[in-house]
Structures are given as structure tokens and as C-alpha cells.
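*Asks:* Whatever this is, show me its structure:
(one chain, ligands or ions: 1)
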Amino acid sequence: MTTELFPAELSVTEGTADPCIMVIFGASGDLTRRLLIPALYNLASDGLLTDNFVIVAMARRDYTTGSFRDMLSKNIKQFTTRNDFDQNTWQSLVQRLYYQRGNIDDPTAYNALADEINRIDSRYNTRGNILFYLATPPAMFGVITTNLYHAGFNKTDSGWKRIVIEKPFGHDLQSALTLNRELLACWDEEQIYRIDHYLGKETVQNILAFRFSNRIFEPLWSRNFIDHIQLTVTERVGVGTRGAYYEQSGVLRDMIQNHMFQMLSYICMEPPTSFKADAIRHEKAKLLEAVRIMQPEDVIRNTTRGQYDIGRSADGSLTPAYREEVNVNPASVTETFAAMKLYIDNWRWEGVPIYLRSGKNLWKKDTAILIQFKCAPDIIFRDTPAADHMEANQLVFHIQPDEGIELRFQAKRPGPTVSLQKVNMRFNYGDSFKSTPGTGYEVLIYDTMIGDTSLFSRSDLVETAWRIAQPVLDTWAANPPEHFPNYAAGSWGPKSAFDLIAEDGRKWLELVNCDTLAKVPLFQPCRTVFLSSLMMTLKPVVYAAGDNIVIMGDIGREMYFINRGEAETLDANGDVIRTLQDGDFFGEIALLLSRPRTATVRAKSDCDMLVLEQTGFRRILRDFPEFAHSVLQVARDRYQIMAPAEELFDADVARYLKDRDAAFT
Ligand code: BG6
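*Replies:* Modelled structure (predicted):
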């Protein structure tokens, strides 16, 4: 039975990875059962592993091979990403897994490991190839790699030897330099695979394919045509059980210095000379080297940070403040949100701001990259209704969860006049490709087995990324935050992030989606196509508790929707007339008439708001005049504005309303 499952002769077919032993250090941890083993199972299911592939799981805990296999067999049912679980494939994989109990601090444990590896190699003919996967806390990286070296595991005279290192690679610039020094003293750079799981994402890999296999965009890809770039990685989850790790990390180390800088380098790098690993890695490293290193005053001006407070997540459940999470200091100043503006000092990107933001416990999970082009000159549209509707083209890479690429551009609205409207074209991965859901680790593990380092970070890139982050870490450490916590869990993040970009006259890529808008009573009767159009028109803004949103007597030109939070309406004496909550809206009259505001509205708590400006509103009305009817209804019922439609709306819309009234009477 066993010999049938594990043939000693080589069975390498095209596309399969090299025969090898994969030694997982720290194998009893979460990463192994949640991601590594399910990924290996997926590779096995797709026929990408040879029969001469064996796993040695090493950890300190008291398992035997049998009990470890049993535990994984239970876990795989929970963590597999495939719907059609195949017991035979699993059995054949798990039967090739051996547990090696050992203390990774202890050099003698490596002698026992060597004996086990020799035994397995001669039984399974793994050709002397060994992959050492360090699924341990980062503090152990140096110890393990040094012990492996002393046990002679780095020698490549009989088969390849590679080590895979999980993030975080270092805690700061100094520790990353030290770790690289330790590693490179024992191993060659080509033997080291520093993982960044974002590079395992198809949508991230596709950035290169998109840029360099399509001619149309490349000539536009520079300061000549691009106004700015935004990278957003928002998460719905908080730190959960990872408080102890996160306290030492914060979002800058956890997400920005690695995952976001990787995506930034893909978006902005020069074309590589080939798709070979080093050709790509040279260009990525060159790009990051060109990122301007911030001086302390730049850090103060161009970055902002936040920490989540108690709040409600999207499902309505109460979420604790970061400072109340397990293993978190109740006075912690660790940032769970950060936003910043960077510049790349090279020929292509000179003067183009790159905005980055990421945070935990925000209202939705979204990773997106926005390329905003410069606005077209409006010369030829002057004296036409289109003149005030010129909008910039936007290209959006939707990395996750709704994977796709979207191009937003202007189109002429059908009709006798020249007027423009923003429309979009969108490619959805799910519509064009059938792919089986995976863990994201499959391609990374597979590449380590075939020796392709393209998706792994070279030492120079990691160090350069730390060089960019270090002044931010230092300046933040020297200037502790005064107002933490400063955003509610489940919200859009701190107001300061919105101010950071608004000061440049720009705004974050709209975070809103149709579901959010459909919660607003005013929009409930409206069609999805209307909501999609509105989505591209609304501007997200955040107000802090106590801020005045509108002031009595000021001329209003926009209306507000409360996505989250509470605001209160005040009369001339400053007395509260009404409290407004999620889904409420106000100021709608300003869309119809530019009149002085009749009350002041003040944020009672931090508020996430959507703003609809008069110009955007009028543009949308031309396509969706039925919306004018809803607004008119509110104007009459709530504000007793009895002015005829002709005074409130453009002629076409007024005509629509008249015809509608006629049809209903
Ligand atoms: C990890 C971070 O690297 O990436 C986590 O340590 C974060 O804090 C995770 O939640 C996000 O990954 P993804 O693939 O869900 O975007």
C-alpha cells in the first residue's frame, strides 16, 4: 500500500515542481494549518507536486507523526479553499508528512533533522533538494538559518537548498540590515526567498501584465499625463488575537512598508528588460530607491495616523477599541491606520504625488489602486453645457475583494446639446476567467520549488523599503499622537486622512458602493443604474465630533448624507432642534436653490459623510429626472418650497416633471 502511494522512482511530469523535502519550522502554528497545508493540497490537486515531494514538520510541541497527521486531517476540512475535497489526494499528501519534534534554538536538533532528511531522501528520492520554510516568529529567523548553516544544510553539491522567510523582515532598518547580514553570511542571495503574500495575488501580478503587454497605457504612464496615484488597503478586521504582535508593529510596518510598497513598485517601475526574476527585481529596487526620503518636517506635513476606538462593525456588532484588545497596552500609541503622501524623484514621476492609506477596523475591506489622469483642457467645451463637467479619467485596479480593472471616462450624453457624463468600463476577473479559489500561497510555494525568485524580495529592496519607512517611524516616535483613539471602529478612518488629501484639492477614491447609497431613504426608490452614477459623483468627507458641517446663514451649494455617526441641527440660539443619524440627510434644498442655510449642523460624534454638490446633482438629474421628483417631494413636504419646477430645475428636467404630473393626473 505505502509503496504504491510513494514510488521511489522519479515521477516528474511537465509543470510539476521539483522533487524535494519541504521542512516547515514552527509547523504547529496557525500559518501551517490555515495556509501552507491547504496551499500544498491545492498544488497536489492540480497535479503540480511530484510523488517525490515530502513534508517534514518541525516544532517543539509534543506531537507524533500520527497525531500531527490526524490534526491536519481535521483542519484541512475547515481550511480547504476547494468545494470538492478529494480524500485520495489528501491521503497521498498527508501520508508523505513526517513530524520532527525539536527545539529550533538547539543546534543538536539539526543533527536529528539531518538524519531524518537523509532517511527520507533515500526512501523518496527527493534528489537532495530541500526547502526550509520558516513559519516562525521573526526573532527565530537568524537562529534557524545560522543553525542550518552550521549543520551543513546550505551546501548545494547534492541538490538545491532554499530558505523561505515570512514577513516581517526586520522591525526597522537596523534590524533588517542585521538580518540580511546574518543570512547572507551563510546563504547566497539566490537561496533566500523573502515572502510577501501580496505578490501571490493574481490581481497584483496582473499589474505587470497590464502595464507591459498593453501598448495603449504605457505612453501615458508618467508625470506628463498622470495627476496623482492612490493606493488604498482598508480592512474590516481589527487585530483580534494578534495584539502582542501588532503592538510591536502598527500599520506602517504591518502593511505599508511591505505589501503597499511592493504594489507601488509594480505600478511605478520602469519596464524590465525581460520577465526574468532579476530584471524585474532590479526595476523594483530602482523605483523604491527613487522614493524621496522624508525629513521630519515632511513627515509631520505629509503623514497622518490613527487608532481605532470602540465602534460598530458592518454587521452591527460592537467592536472594542484597540486599547481594549487582548495583549494591548491600555495606553498604547500604536497606529492602526496611516495615510501618507510620497514623491518619487525620477524623470518619470517628478512632482506626481502618491497617496497611500491603510487601516484596520474600517467599514469595509478594499484594496484598490487609482491612477488619476490629468484633466483634458476644456477649451473646446467652453460655452457648452459640458464646460463645468470636465472630469479627469481614472483607471482603477480593484485588487480585492471585487477583483477587476475599471476605466472611468467622459461620454457625451445623448441629446441635442453637448454635455458630458462620467461613465465606466469594467473588466471583472470572475466574468473572464474561471479560477479555483486558493489561499494565495500556491504560486509562491510552487515558485520556491521551481527556483523562480521573481515574486520574492531581494535584500536591497527590503532595505530600501525600510529606508523610506524609517524617518516616519522615528518622527512618529518623537511626536507621540495626542488624540488617540481618533476613529471609531467600522468608520472611514480619521478625519486627518481626508484633510491630508483635501489640502491638495484632491479626494480619496470614492469608497461608497451601491449598498451604502441604498440605505439612504431618499435613494431607496432609485434604480441601481442611478445609484452607480451617483456613486461616482459623491464625495466622501469625515467630520470630527464638534465640527460645524454647515453654518446658519452661509450660502449652501451641496447636500449631506450621514453614512455613519450623529449630527445635530441647532437654531439661532445654539439649541438643539434635532439629532440626525446614519442614513439621514440634510441641506438638500441647496441642490435646488443657493440659499442661506436655515440652521447650523454640527457633528455630535465623528461623522462619515457623503457630499452631493449642486453641479454633480444637476448633471445626474439630466439622466435620471425621476430623482428630481423625490427631491421635489421632500422640498415641498419638509420645507414648504412651493416654487414651480421651472424655477428649481433645468428646462429639460422641469419638462419631465410636468409631463409626469400630467400623466398622473
Ligand atoms: C498581513 C498582515 O501581512 O496581511 C495582516 O500581517 C493583514 O495584519 C493581512 O490583515 C492582510 O492580507 P490580505 O491578503 O487579507 O489583504
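*Asks:* C-alpha only now, for contacts and for neighbours.
*Replies:* Will do.
*Asks:* Only C-alpha atoms, please: export the helix or strand hosting Leu370 in CSV.
*Replies:* Assigned by DSSP states H and E, Leu370 belongs to strand 366-373. Provided in CSV are the C-alpha atoms of strand 366-373 (Å, rounded to 0.1, in the frame of the first residue of the first chain):
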residue,chain,number,x,y,z
ASP,A,366,-10.9,47.1,0.0
THR,A,367,-7.6,47.1,-1.8
ALA,A,368,-7.5,49.4,-4.8
ILE,A,369,-5.0,51.4,-6.8
LEU,A,370,-6.2,54.6,-8.5
ILE,A,371,-4.4,56.2,-11.4
GLN,A,372,-5.9,59.6,-11.9
PHE,A,373,-5.0,61.3,-15.2
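*Asks:* ok, that strand: who's next to it in the sheet?
*Replies:* strand 226-234 (antiparallel), strand 394-400 (antiparallel) (DSSP bridges).
*Asks:* Partner strands of the helix or strand that the shortest one is followed by, with direction?
*Replies:* Secondary structure here is assigned by DSSP H and E; on that basis, the next helix or strand after strand 394-400 toward the C-terminus is strand 404-412. For strand 404-412, sheet partners with direction are given as strand 394-400 (antiparallel), strand 420-428 (antiparallel), following DSSP bridges.
*Asks:* Of those, which is nearest Arg595?
*Replies:* strand 420-428 (26.5 Å; Cα to Cα).
*Asks:* In the closest one, which residues are buried?
*Replies:* Residues of strand 420-428 classed as buried: 420-422, 424 (neighbour count, 16 or more other Cα atoms under 10 Å).
*Asks:* Could you work out the most separated pair of those?
*Replies:* Using Cα to Cα, the buried residues of strand 420-428 span at most 12.9 Å, a distance reached by Leu420 and Asn424.
*Asks:* rewinding a little: for the buried residues of strand 420-428, could you give me TSV that also reports distance to Asn154 and pLDDT?
*Replies:* Below are the buried residues of strand 420-428 laid out as TSV (distance: Cα to Cα, whole Å; pLDDT from 0 to 100):
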residue	distance to Asn154	pLDDT
Leu420	64	81
Gln421	62	77
Lys422	58	78
Asn424	53	85
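*Asks:* of the residues you listed, closest to Leu131?
*Replies:* Lowest distance from Leu131 to the buried residues of strand 420-428 (Cα to Cα) belongs to Asn424, with 45.9 Å.
*Asks:* residues in contact with the closest one?
*Replies:* Residues in contact with Asn424 (Cα atoms under 8 Å, 6 or more residues apart in numbering) are 406-409.
*Asks:* May I see these arranged in TSV, with distance to Val233 as well?
*Replies:* Formatted as TSV, the contacts of Asn424 follow (distance: Cα to Cα, whole Å):
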residue	distance to Val233
Glu406	17
Leu407	20
Arg408	21
Phe409	24
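*Asks:* Sort out which of these are buried, if you could.
*Replies:* Listed as buried from the contacts of Asn424 are 406-409; burial here means 16+ other Cα under 10 Å.
*Asks:* tell me which of these is nearest to His259?
*Replies:* Glu406 (21.7 Å).
*Asks:* thought the closest one was touching Phe397?
*Replies:* Yes - using Cα atoms under 8 Å, Glu406 makes contact with Phe397 at a distance of 6.6 Å.
*Asks:* sorry, back to before: just name the closest of the buried residues of strand 420-428 to Ala545, please.
*Replies:* Lys422 (33.7 Å).
*Asks:* give the contact list for the closest residue in space to the closest one that isn't next to it in sequence.
*Replies:* Residue nearest to Lys422 in three dimensions, not counting chain neighbours: Gln410, with 4.5 Å by Cα to Cα, 6 or more residues apart in numbering. Shown in contact with Gln410 (Cα under 8 Å, 6+ apart): 390-391, 393, 420-423.
*Asks:* Also Thr319?
*Replies:* Neighbouring residues of Thr319 by Cα under 8 Å, 6+ apart: 310-313, 489.
*Asks:* Which one of these is nearest to Pro272?
*Replies:* Relative to Pro272, the closest of the contacts of Thr319 is Ala489; by Cα to Cα it sits at 41.6 Å.
*Asks:* mind checking how far the residue nearest to Lys422 is from Phe397?
*Replies:* 19 Å (Cα to Cα, to the nearest Å).
*Asks:* follow-up on the earlier one: where among the strands paired with strand 404-412 is average confidence lowest?
*Replies:* Lowest mean pLDDT within the strands paired with strand 404-412: strand 420-428, a mean of 85.
*Asks:* can you pull the buried residues of the following helix or strand past it?
*Replies:* Counting by DSSP H and E, the next helix or strand C-terminal to strand 420-428 is helix 429-432. Buried residues in helix 429-432, counted by 16+ other Cα under 10 Å: Tyr429.
*Asks:* Pull the distance from helix 429-432 to the chain's centre.
*Replies:* Distance, stretch centre to chain centre, for helix 429-432: 20 Å (Cα atoms, centre = their mean, to the nearest Å).
*Asks:* residues making contact with it?
*Replies:* Residues outside helix 429-432 that contact it (Cα under 8 Å, 6+ apart): 403-404.
*Asks:* what do you get for stretch 541-548?
*Replies:* Stretch 541-548 has contacts (Cα under 8 Å, 6+ apart) with 492, 494-495, 498, 549, 600-611.
*Asks:* any idea how far that stretch is from the chain center?
*Replies:* 26 Å.
*Asks:* got it, and stretch 103-122?
*Replies:* Relative to its parent chain, stretch 103-122 has a centroid offset of 40 Å by Cα atoms, centre = their mean.
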